[in-house]
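Colleague: Using only what follows, build the 3D model:
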Amino acid sequence: MTPLWTARAIASATGGIASTDFTVTGVAFDSRELAAGDLFIAMKGEETDGHKFIAKAIDAGAAGIVCESAIDHPHIRVADSVTALNALGTASRARSHGRIIGVTGSAGKTGTKEALFAALDRFRPGKAHRSVKSYNNHVGVPLSLARMPSTADFGVFEMGMNHAGELAALTRMVRPHVAIVTTIAPAHMEYFGSEEAIADAKGEIFEGLEPGGTAIVPFDSPHYARLRAKAEKHAGHVVSFGLGEGADVRAVDWLSDGQGGSLVTAQVQDALLCFTIAQAGAHWVSNAMAVLAAVKAVGGDLPAAGLAFAEMGGLVGRGARYRVEMSGGRVVVIDESYNANPASMAVTIDQFGTESAERKVAILGAMKELGPGSEAYHAGLAAPLVAAGVHFALLVGEEMTPLAKALEGRIDFEHVPAHSAAVARLKHLIRPGDAVLVKGSNSVGLSHVVTALTNGEF
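Modeller: Alright, predicted model coming up:
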């Protein structure tokens, strides 16, 4: 395997001192994720100190360590490991010849990033790189950059934030040739107070664009004009995407493919493309337009992108579907357990309403960081649940109290304090023929409910 970094290159990038020559094939700062041959960066954080896990990393096969004190193993000694990680990410971006895409938004970041990677990897197999999982913050972004091979033709990086100024710092590190905002929704309202403020913070992604770069903005958003005005200050080209007439990249038509996905006809500026999206929902159709706009902007292949959409499976925590056999029949489980805000909840519940099932059961967790409007946002989910024909709702978390009150006399429901109580209720709740939607903020822990369901613990 071609080395990702040499000791000399790491030392040069970080200003550190190499104990000896060595090469690494990967980078990690979590010893649980480390593979043999990786570089382990021992960082001091608020809750723990990575230096305590150096021995574990060495046992796992770490080829080298970045650390703040000398050790008896190949290492780079630095003054500060966090600063070293940032420097390594910056150096990786500086040596790259590839076309770089940055993705942000209140929802759809990870799915859009994964679809972009799939499209570009299909075009040039083995030459596309992307951030894994949701590594989109002040440590996840430099780690994802540091992991990018110097031979990559394309890099796709997800960037998130929950405070103003965070994206500005990340995008100046990533320096994208193309920057996408997927959507604006009331997420992190606790820190912003208005959707306009969220739009301004998301628009910071355009500040890091390379000269002549392309900004891709959501045409259907009520904040379109605000985002476009921000983009025009930094971008050489601004491309709009969406479902509405007038978007530069637009879904002209779409309909169900009969298998949970959509058949789509898209106008991509001067090209017309027909393709299938394996994922369900109008939000996937809209985000697909952003992907096509980006693929075109970096010189990718649109037909290859269309094929990639048809091949994409559901992402864990973001729409993965499971068919679980039980005595007397089958249960369909839809895993949306990773994240939730009012907009994504409403869209997902609406899509859930199209499921063909004997009963529709929604297991919904609290939506976090909504600030003073939290009660109204939670109560507002009652109407979508009723409209979707949900037969039973299992509500998880204290913040769900307003929704419980709003559902009284409308549909059957139960309200429990935590995911453990929800798991305990499954054996009394789930029946053959059910379709079960699981969605909530990640901190609620509904992934445990998904695990119990897919393991047949009911």
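Colleague: ok, the spatially closest residue to Lys427 that is not a sequence neighbour - how many residues close by?
Modeller: Spatial nearest neighbour of Lys427, excluding adjacent residues (CB to CB, 6 or more residues apart in numbering): Phe458 at 4.7 Å. All C-beta atoms are positioned from the backbone trio N, CA, C, and that covers glycine. Using other CB atoms under 10 Å, Phe458 has 18 neighbouring residues.
Colleague: Can you tell me which helix or strand of this protein has the lowest average pLDDT?
Modeller: helix 189-192 (a mean of 75; mean pLDDT, DSSP states H and E).
Colleague: So which elements touch the helix or strand harbouring Ala421?
Modeller: Using DSSP states H and E, Ala421 maps to helix 419-429. Here helix 419-429 is seen to pack against strand 359-365, strand 392-396, strand 412-416, helix 447-454 when contacts are counted using 3 or more CB pairs under 8 Å, 6 or more residues apart in numbering; DSSP states H and E.
Colleague: what angle do it and helix 447-454 make?
Modeller: Relative orientation of helix 419-429 versus helix 447-454 (axes from the mean of the first three to the mean of the last three CA atoms, to 10 degrees): 30 degrees.
Colleague: where's the residue sitting nearest the centre point of the chain, which helix or strand?
Modeller: Nearest to the geometric centre of the chain sits Thr110, at 2.2 Å (CA atoms, centre = their mean). Assigning secondary structure by DSSP H and E places Thr110 in helix 109-123.
Colleague: Who are the packing partners of that helix?
Modeller: Packing partners of helix 109-123 (3+ CB pairs under 8 Å, 6+ apart): strand 99-104, strand 128-130, strand 154-158, helix 282-297, helix 302-311.
Colleague: Tell me which of the ones you listed sits nearest to Val24.
Modeller: When these are compared by CB to CB, strand 128-130 sits nearest Val24, at 15.9 Å.
Colleague: Average pLDDT for the closest one, rounded please.
Modeller: Throughout strand 128-130, pLDDT has a mean value of 98.
Colleague: residues in contact with that strand?
Modeller: With CB atoms under 8 Å, 6 or more residues apart in numbering as the contact definition, strand 128-130 has outside contacts at 98, 113-114, 116-117, 120-121, 144, 147-149, 152-158.
Colleague: Could you list the buried residues of it?
Modeller: The neighbour-count check on strand 128-130 (16 or more other CB atoms under 10 Å) flags 128-130 as buried.
Colleague: List the pairing partners of it within its sheet, with orientation.
Modeller: Paired strands of strand 128-130, with direction, are strand 154-158 (parallel) (DSSP bridges).
Colleague: Report the backbone C-alpha coordinates of the strand it pairs with in PDB.
Modeller: C-alpha atoms of strand 154-158 as PDB (Å, rounded to 0.1, in the frame of the first residue of the first chain):
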ATOM      1  CA  PHE A 154     -11.600  14.700  -5.800                       C
ATOM      2  CA  GLY A 155     -12.200  15.400  -2.100                       C
ATOM      3  CA  VAL A 156     -15.600  15.800  -0.500                       C
ATOM      4  CA  PHE A 157     -15.800  17.300   3.000                       C
ATOM      5  CA  GLU A 158     -18.800  17.800   5.300                       C
END
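Colleague: hmm, back to that, pLDDT (mean, whole number) over the helix holding Thr110?
Modeller: In this model, helix 109-123 has a mean pLDDT of 96.
Colleague: Ramachandran angles for the residue nearest to Val141 when sequence neighbours are not counted?
Modeller: Spatial nearest neighbour of Val141, excluding adjacent residues (CB to CB, 6+ apart): Leu170 at 5.0 Å. Here is the backbone geometry of Leu170 (degrees, to the nearest 10): phi -70, psi -40.
Colleague: Could you measure from Leu170 over to Glu336?
Modeller: According to CB to CB, to the nearest Å, Leu170 stands 26 Å off from Glu336.
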